[in-house]
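Trainee: Can you look at this prediction? I've put the sequence above it.
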Amino acid sequence: AGTPQTFGDTEAQREVRENDRNYVFHSWSAQGAINPLPIAKGEGATFWDYDGNEYLDFSSQLVNLNLGHQHPKLIKAIQEQAGRLATIQPALANDARGELAKRIVEHSFEGARSVFFTNGGADAVEYAVRMARHHTGRQKVLSRFRSYHGSTGTAITLTGEPRRWSNGTLDAGVVHFTGPYAYRSAFYATSPEEEAERALAHLEQTIQLEGPETIAAIILETVTGTNGVLVPPPGYLPGVRALCDKYGIVYIADEVMVGFGRTGEWFAYQGFDVKPDLVTFAKGVNSGYVPLGGVVISEEIHNTFVDRSFPGGLTYSGHPLACASGVATFDIFEEEGILERVRDLGERVIEPRLRQLAEKHKSVGEVRGKGFFWALELVVDRETREPLVPFNASGEAAAPFNAVVAACKQAGLWPFAAGNRLQVAPPLVTSEEDLVRGLDIIDAALDVADSYYTGK
Ligand code: PMP
């Protein structure tokens, strides 16, 4: 990790900041309040600002930078493809797209047949829903309240959490239901098994009351991501599958965040004994080096569109630069044993340390996760489980949580923070030494969370 020319270059930094503030319209922000940190350089799990401050990235940016910054093989694959054929329209075949589709199908569920490529996660969700609607001839789609599925028309409506609120009802066919969350059970369950059972009963009632013959699909994040790393309790996902079979509903697994190694499997559903009909992916497919997403399609749904045209497409579907870096991702996973290291370091380093932090710090209400995907849920009282900040808090109400985040950043750790949770999602290539260092920083930051504790 050398020093870039720009470290300490206050003029360059000022220009980056000013151009951004003057001309860039930012996501999810009041434009008057933004002040993003200019980033000069990245390498592996680390990035640097223009003053040379170093950040160990425990968020993998937006949980997409699975193979870290500046992976030489990803860059080489993009450069080689760019030198040969930088772009081509989707109705013409190209080697990178075909090869990537083949690799994805080969690593997917039994009965997976083909891949439709998109530009990212939200449009993958749009297309999966569209396929399910055409396939079933039904219109409604069920999703959970605690979910994020993207920010386009149907995807933002499917998103159950507050980011949906101010966007109105863009898709009248969307129905929300409550999923399992044993730590804050809506079903008065006293064990994960009971939570699964009752959440499934609630889902079946929802299906019956909406009218099974009107429901095209159920979409679920296999492990809920930005809404809290909610790992499904035993039996829940197979139970959803059984309900889908019973009522002729398409099962869509949204694996945009958890696909490609995050939980130690190629796809997270492979660790939960469930076979979906459609799988959405993006982010980790090529670590975000070039925008890419897509839908893995079952044989049965694929066959619906063999004699009948599928009415949809995108100019950049299967973009060669994006697909070339996707193919390289599969090579890197195999050469570097990425899945094995995620399982090993997840079990041996991350999980035990997080469990130890929960013992040590009274502000940690619950630890949950898998592989390189974890959450610490912060509370002010373990008994009542009152969260460190109220649900959907902002401004002053969020100050205690912001103080914890600031302590991480000051110590050189870039955390993934959401609601009242510190989430741990480092790049899958992070060294054992850096994992330990990052967890030490979290340990110290939790002292700040403890200072707000009001319980016994
Ligand atoms: N689904 C899930 C589960 C996600 O986490 C995200 C992004 N955070 C999306 C869909 C949307 O992906 P994108 O931002 O690439 O549109």
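Mentor: That came in fine, so what should we check first? Numbers count the residues shown, from 1 in each chain.
Trainee: Could you report the neighbour count for the residue of the stretch 51-200 of the chain found nearest the ligand?
Mentor: Using Cβ to the nearest ligand atom, the closest approach of the stretch 51-200 of the chain to the ligand is made by Gly121 at 2.1 Å. Any C-beta I mention is one placed from the backbone N, CA and C, and that applies to glycine too. Here the neighbour count serves as a burial measure; for Gly121 (other Cβ atoms under 10 Å) it reads 30.
Trainee: Renumber starting at 656 from here on
Mentor: Sure, I'll start numbering at 656, so the last one becomes Gly776.
Trainee: pretty sure it contacts Gly805?
Mentor: Yes. Counting by Cβ atoms under 8 Å, Gly776 does reach Gly805; the two are 5.2 Å apart.
Trainee: Where does pLDDT dip in the stretch 756-905 of the chain?
Mentor: Low-confidence regions of the stretch 756-905 of the chain, defined by pLDDT under 70, are absent; no residue qualifies.
Trainee: Now with 90, please.
Mentor: 823-825 (pLDDT under 90).
Trainee: Can you give the domain ranges for this structure?
Mentor: Structurally, the chain divides into domains by automatic domain parsing as follows: 665-725+992-1105, 728-990.
Trainee: quick one: the strands in the stretch 856-1005 of the chain?
Mentor: Along the stretch 856-1005 of the chain, counting by DSSP state E, counting those that start in this stretch, strands occupy 870-876, 905-909, 933-936, 948-953.
Trainee: Show me what the last one is packed against.
Mentor: In terms of contacts (3 or more Cβ pairs under 8 Å, 6 or more residues apart in numbering; DSSP states H and E), strand 948-953 is packed against helix 750-761, strand 767-773, helix 776-791, strand 933-936.
Trainee: Output these in a markdown table; the columns should cover distance to Gly707.
Mentor: Output for these, formatted as a markdown table (distance: least, Cβ to Cβ, whole Å):
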| stretch | distance to Gly707 |
| --- | --- |
| helix 750-761 | 37 |
| strand 767-773 | 38 |
| helix 776-791 | 33 |
| strand 933-936 | 36 |
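Trainee: most packed of those?
Mentor: Across the helices and strands packed on strand 948-953, the average number of neighbours (mean count of other Cβ atoms under 10 Å) peaks for strand 933-936, which reaches a mean of 29.
Trainee: what about that strand, average pLDDT?
Mentor: The average pLDDT for strand 933-936 rounds to 99.
Trainee: List of residues touching that strand?
Mentor: Strand 933-936 is touched from outside by 759, 763-764, 767, 776, 779-780, 783, 786-787, 872, 905-911, 914-915, 922, 924, 948-953, 956, with contacts defined as Cβ atoms under 8 Å, 6 or more residues apart in numbering.
Trainee: repeat that with 7 Å
Mentor: Counting by Cβ atoms under 7 Å, 6 or more residues apart in numbering, the neighbours of strand 933-936 from elsewhere in the structure are 763, 776, 779-780, 783, 786-787, 905, 907-911, 914-915, 922, 948-953, 956.
Trainee: could you flag which of the residues you listed are buried?
Mentor: When neighbours are counted using 16 or more other Cβ atoms under 10 Å, those contain these buried positions: 763, 776, 779-780, 783, 786-787, 905, 907-911, 914-915, 922, 948-953, 956.
Trainee: just checking, Ser806 touches Gly776?
Mentor: No. Assessed by Cβ atoms under 7 Å, Ser806 is found out of contact with Gly776, at 9.3 Å.
Trainee: re the thing from before, ok, now which ones touch the residue of the stretch 706-855 of the chain closest to the ligand?
Mentor: The neighbourhood of Gly776, defined by Cβ under 7 Å, 6+ apart, consists of 805, 911, 935, 937-938, 948.
Trainee: One more pass at 6 Å, please.
Mentor: Contacts of Gly776 were listed using Cβ atoms under 6 Å, 6 or more residues apart in numbering, and they are 805, 911, 937, 948.
Trainee: neighbours around the first one, how many?
Mentor: What that stands for is Gly805. Each residue near Gly805 was counted by other Cβ under 10 Å, and the total is 23.
Trainee: The third one now?
Mentor: Neighbourhood size, Ala937 [other Cβ under 10 Å]: 27.
Trainee: For Val951, see how far away it is.
Mentor: Distance of Ala937 to Val951, given as Cβ to Cβ, to the nearest Å: 12 Å.
Trainee: pull the CA atoms of stretch 1040-1060 into PDB?
Mentor: In PDB, the C-alpha atoms belonging to stretch 1040-1060 read as follows (Å, rounded to 0.1, in the frame of the first residue of the first chain):
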ATOM      1  CA  ARG A1040     -34.600  -4.700  25.000                       C
ATOM      2  CA  GLU A1041     -35.200  -1.000  24.500                       C
ATOM      3  CA  PRO A1042     -33.000   0.000  21.600                       C
ATOM      4  CA  LEU A1043     -30.100   2.400  21.900                       C
ATOM      5  CA  VAL A1044     -32.000   4.700  19.500                       C
ATOM      6  CA  PRO A1045     -35.700   4.500  18.700                       C
ATOM      7  CA  PHE A1046     -36.900   2.800  15.500                       C
ATOM      8  CA  ASN A1047     -36.200   5.000  12.400                       C
ATOM      9  CA  ALA A1048     -34.600   7.800  14.600                       C
ATOM     10  CA  SER A1049     -32.800  10.700  13.100                       C
ATOM     11  CA  GLY A1050     -31.200  14.000  14.200                       C
ATOM     12  CA  GLU A1051     -30.700  14.300  18.000                       C
ATOM     13  CA  ALA A1052     -32.600  11.100  18.700                       C
ATOM     14  CA  ALA A1053     -29.900   9.200  16.800                       C
ATOM     15  CA  ALA A1054     -27.000  10.900  18.600                       C
ATOM     16  CA  PRO A1055     -26.000   8.000  20.900                       C
ATOM     17  CA  PHE A1056     -25.700   5.700  17.900                       C
ATOM     18  CA  ASN A1057     -23.800   8.300  15.900                       C
ATOM     19  CA  ALA A1058     -21.300   8.600  18.700                       C
ATOM     20  CA  VAL A1059     -20.600   4.900  18.500                       C
ATOM     21  CA  VAL A1060     -20.100   5.200  14.700                       C
END
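Trainee: Many thanks, we can stop here.
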